[in-house]
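K.L.:
please find the sequence and the predicted model below.
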Amino acid sequence: MKKPACEYVKYTILPSIRKEFSKNLIKIYGFNQKQVAEILGVTPATICQYLSNKRGGIKITNKCILNEIEISTNNIYKNGRKVASNETCRICRLITSSKKTPILKKIICEGDVSPCKKRLWKILPIIRKEFTKILIKKYNYNQKQVAHKLGITEAAVSRYLSGKRGKIEIQDEILKKELEKSILQIINGDNDILIKETCRLCTLFDYNLKE
């Protein structure tokens with residue numbers, strides 16, 4: 001099942017970029033795994049997984065992007081951790097915006113596909129919690145049916161219902177109406193509709209929810 005762009009970027013594209021950085025820092029600049037882990041802000045075990053191809057499954061073959069990765073790696077080598085995050089985001093934008101990159105075929109999003117922590121960790125859980133509540137209370141779905149419809153686990157559904165996830169309560173009446181509109185589309189639609197409506201609401205919530 002396809003996922004919203006922010007999740008796809010976080011769990012697929014970012015590890016692939018970090019894998020390339022890791023390989024370059026070790027092979028070209030002579031860093032050890034511990035040093036690379038400190039620079040990229042991950043664990044040494046993660047670096048080991050990158051090097052053994054157990055993580056970062058997408059193979060980046062675009063020569064222009066690979067050249068940009070080498071430029072970024074050189075900047076990271078010279079300036080350390082303080083530039084690693086910006087260079088990661090720069091390469092991520094190049095990958096997700098490149099018309100030559102087949103990765104784009106797996107992403108359905110009408111907005112920005114850059115890895116946004118606010119949307120991924122704060123807004124997306126709120127939206128899924130509200131979807132869960134509406135499907136169960138208004139449309140009599142059970143937890144298993146909700147999990148299947150939203151493409152998440154039953155354990156996640158349980159956490160949404162118990163308030164352990166997506167803790168912010170929606171008070172704005174306009175946002176509530178938009179949620180209801182989306183649910184009507186999702187009930188009668190497929191996975192592509194689910195992602196489209198989730199991304200639409202994510203953008204809407206991003207503009208309207210206060211920190």
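P.N.:
Happy to help now that I have it. Residues are numbered from 1 along each chain as shown.
K.L.:
residues in contact with the helix or strand containing Tyr160: which ones?
P.N.:
Using DSSP states H and E, the element containing Tyr160 is helix 154-162. For helix 154-162, the surrounding residues in contact (C-beta atoms under 8 Å, 6 or more residues apart in numbering) are 125, 128-129, 132-133, 136, 143-144, 146-147, 150, 165-166. Yep, even glycine has a C-beta here, placed from its N, CA and C like the rest.
K.L.:
so of the residues you listed, which ones are in helices?
P.N.:
Secondary structure from DSSP state H places 125, 128-129, 132-133, 136, 143-144, 146-147, 150 of the contacts of helix 154-162 in helices.
K.L.:
of the residues you listed, buried ones?
P.N.:
125, 128-129, 132-133, 136, 143, 146-147, 150 (16 or more other C-beta atoms under 10 Å).
K.L.:
quick one: contacts for Leu94?
P.N.:
Leu94 touches 64-65, 68, counting by C-beta under 8 Å, 6+ apart.
K.L.:
okay, it and Asn62: tell me how far apart.
P.N.:
9 Å (C-beta to C-beta, to the nearest Å).
K.L.:
if we go by neighbour counts, what in stretch 52-60 is buried?
P.N.:
Under 16+ other C-beta under 10 Å, the buried positions of stretch 52-60 are 55-56, 58, 60.
K.L.:
if you could redo that for stretch 39-50, that was the one I meant.
P.N.:
Quick answer for stretch 39-50 (16+ other C-beta under 10 Å): 39-40, 42, 46-47, 49-50.
K.L.:
and the furthest pair within the residues you listed?
P.N.:
Spatially, the most separated pair among these is Ile39 and Gln49, at 16.4 Å (C-beta to C-beta).
K.L.:
now do the SS call for the residue located most distally from the centre of the chain.
P.N.:
Of all residues in the chain, Gly30 has its C-alpha farthest from the mean position, at 31.0 Å, by C-alpha atoms, centre = their mean. Assigned with DSSP: H, G, I helix; E, B strand; the rest coil, Gly30 falls in the coil class.
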